[in-house]
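>>> Next comes the sequence, and after it the predicted model I'd like to discuss.
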Amino acid sequence: MVGGNMKEECARLFQEAWENHRGCLLGAVLGALIAILILLFGFWRILFIGICVAFGLWLGNRIDKADDGWLQEFQENGVGDLLAQIRQKRGRL
């Protein structure tokens, strides 16, 4: 069966590439994914998504490191108090 041999050969090549060249393989797949996303959605939208993801990673990292002074204040005061403080400082809203 010709199709079965080709499938096995592709699986073997992929496994060999994964074992010996994992970084190159992941880089190529990531680069292709980014290129496809840029072609589908546009550069600025993908850049915006990247910035949002980076901000989320930064915020998650701060939470993981228990640097939660601002988070503790937010939880204690609640959203309503936070908005009231912003209104007082800006004199509007």
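Nice, I can see it.
>>> Tell me how the protein divides into domains.
Following automatic domain parsing, one gets these domains for the chain: 1-41, 42-93.
>>> Quickly, which of these bottoms out on average pLDDT?
For the domains of the chain, mean pLDDT drops lowest on domain 42-93, to a mean of 74.
>>> which parts of the host helix or strand of residue 31 are buried?
Using DSSP states H and E, residue 31 sits within helix 22-41. Neighbour counts over helix 22-41 (16 or more other Cβ atoms under 10 Å) mark no residue as buried. (Glycine included, C-beta is placed from N, CA and C.)
>>> Beyond it, next helix or strand please.
helix 43-64.
>>> what helices or strands is that following helix leaning on?
helix 22-41 (3 or more Cβ pairs under 8 Å, 6 or more residues apart in numbering; DSSP states H and E).
>>> which other residues reach the helix it packs on?
Taking contacts as Cβ atoms under 8 Å, 6 or more residues apart in numbering, the residues outside helix 22-41 that touch it are 17, 18, 46.
>>> Mark which of these are buried, thanks.
If we count by 16+ other Cβ under 10 Å, the contacts of helix 22-41 have these buried: residue 46.
>>> Columns distance to residue 6 on top of the contacts of helix 22-41, output as CSV?
What follows is the contacts of helix 22-41, written out as CSV (distance: Cβ to Cβ, whole Å):
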residue, distance to residue 6
17, 16
18, 19
46, 35
